[in-house]
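# here are the coordinates; sequence isn't available:
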């Protein structure tokens, strides 16, 4: 059965009202369920790993370089931290900093000795994603993903306990190196924020297996593409199969309606699609099928919330 499953942002990100058009009618006639909210829960609905928390660094390393087996990995992504009255806040990281190959060439040579002294290898096969290679037996504390810490008090998200002391020290030492680095002055002249910290997260080894119910994943996001690769799922071509489509970037109700759902409803009418699934990050879940057109007594759903 050809199914399109849309990975969507929380409904609060798509405010507004729809006219009583075919999309509003289809939403009103759909089967709706409430599932566990949150980014992690949403992804767990589509990928199954034995490991918890997910070893994001190893997964994306395999996507970026194909050499993740046989080691533990930790992301050490470039970050921009801003001091405030109470400490500091993480304001940007990775792709959000506009990091390019010139930044990597300028900054990594001065950072590598710091980590080499600790027994780790730092490199960046992708300018936005920096990695530390660790021994397979490395014991790591629990780190917070950068998106969870973004805009928040930096120190509330640092790893805690004796096992974390080393990593807090390495973060501080890397901040000293980066704060004093002349390259950041050049970034400032180009209107770019300083790369003045590293963010450690996503540690672990490459999982033994990753499973997904989907035959295809369409996304530009690195973790989703890495999960698809690990699961042996096609992430490039298009076809009449069960496909997971990443649309978490949407911020407009009318874009969602007119550019996304309306064409898929027409594909169902033509018999090219058997089912459309809407998976929102706040846990709301809808299933749309051609047979629901007979539910004519149901009122159109002119908004996503309520």
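Happy to help now that I have it. On a predicted model such as this, the values are computed, not experimentally measured, just so you know.
# Could you use CA atoms for every contact and neighbour count after this?
OK.
# Tell me which helix or strand comes right after the helix or strand where residue 244 lies.
Element membership for residue 244 (DSSP states H and E) is strand 243-246. Moving toward the C-terminus from strand 243-246, the first helix or strand encountered (DSSP H and E) is helix 253-254.
# Could you tell me how far that next one lies from the centre of the chain?
Averaging C-alpha coordinates over helix 253-254 and over its chain gives two centres that are 23 Å apart (CA atoms, centre = their mean, to the nearest Å).
# Tell me the first helix or strand C-terminal of it.
The helix or strand immediately downstream of helix 253-254 is helix 262-269, counting by DSSP H and E.
# and that next one, what does it pack onto?
Here helix 262-269 touches helix 22-29, going by 3 or more CA pairs under 8 Å, 6 or more residues apart in numbering; DSSP states H and E.
# Averaged pLDDT, the very next helix or strand once past the helix it packs on. What do you get?
Moving toward the C-terminus from helix 22-29, the next helix or strand (DSSP H and E) is strand 31-34. Confidence for strand 31-34, expressed as mean pLDDT, is 96.
# ok, and for whichever helix or strand comes after strand 31-34, which residues are buried?
Sequence-wise, the next helix or strand downstream of strand 31-34 (DSSP H and E) is helix 39-44. Buried residues in helix 39-44, defined by neighbour count with 16 or more other CA atoms under 10 Å: 39, 42.
# average pLDDT across helix 39-44?
Across helix 39-44, the per-residue pLDDT values average to 94.
# And for stretch 132-143?
Averaged over stretch 132-143, pLDDT sits at 92.
# From start to finish, how long is that stretch in a straight line?
14 Å (CA to CA, to the nearest Å).
# what does it contact?
Stretch 132-143 is contacted by residues 70-76, 119-123, 157-160, 163-164, 200-205 when judged by CA atoms under 8 Å, 6 or more residues apart in numbering.
# same deal with stretch 242-260?
The set of residues that contact stretch 242-260 without belonging to it, under CA under 8 Å, 6+ apart, is 1-9, 13-18, 23, 214-220.
# same thing but 6 Å
Contacts of stretch 242-260 with the rest of the structure, by CA atoms under 6 Å, 6 or more residues apart in numbering, involve 2-9, 13-14, 214-219.
# Check the average confidence over that stretch, would you?
Looking at stretch 242-260 alone, the average pLDDT works out to 94.
# do stretch 76-92 as well
Computed over stretch 76-92, the average pLDDT equals 91.
# What residues of it count as buried?
Using 16+ other CA under 10 Å as the burial criterion, the residues of stretch 76-92 that qualify are 76, 77, 78, 79, 80, 81, 82, 88, 89, 90, 91, 92.
# Stretch 2-15 too?
Taking 16+ other CA under 10 Å as the neighbour-count basis, stretch 2-15 is seen to contain the buried residues 2, 3, 4, 5, 6, 7, 8, 9, 10, 11, 13, 14.
# among those, which two are most distant?
2 and 13 (27.8 Å; CA to CA).
# If you tally nearby residues, what's the number for the closest residue in space to residue 213 that isn't next to it in sequence?
Taking CA to CA, 6 or more residues apart in numbering, and ignoring the residues beside it in sequence, residue 213 has residue 46 as its nearest neighbour in space, at 6.7 Å. Counted with other CA atoms under 10 Å, the neighbours of residue 46 add up to 17.
# now residue 65
11.
# Equivalent analysis for residue 261, please.
20.
# Please name the strands paired to the longest strand seen in the chain in the sheet, noting orientation.
Ranked by residue count, the top strand of the chain under DSSP state E comes out as strand 72-84. Each strand paired with strand 72-84, and its direction, by DSSP bridges: strand 87-93 (antiparallel), strand 129-134 (antiparallel), strand 197-205 (antiparallel).
# Minimum distance to residue 53: which of those has it?
Proximity of the strands paired with strand 72-84 to residue 53 was assessed by CA to CA; the nearest stretch is strand 197-205, lying at 8.0 Å.
# Just after that closest one, pick out the following helix or strand.
Once the chain leaves strand 197-205, the next helix or strand it forms, by DSSP H and E, is strand 210-211.
# same for whichever helix or strand comes after that next one, what does it pack against?
Counting by DSSP H and E, the element after strand 210-211 in chain order, helix or strand, is strand 216-218. Applying 3 or more CA pairs under 6 Å, 6 or more residues apart in numbering; DSSP states H and E, one finds that strand 216-218 contacts strand 243-246.
# Can you name the residues in contact with stretch 261-280?
Residues from elsewhere that reach stretch 261-280, judged by CA under 6 Å, 6+ apart: 2-10, 285-289.
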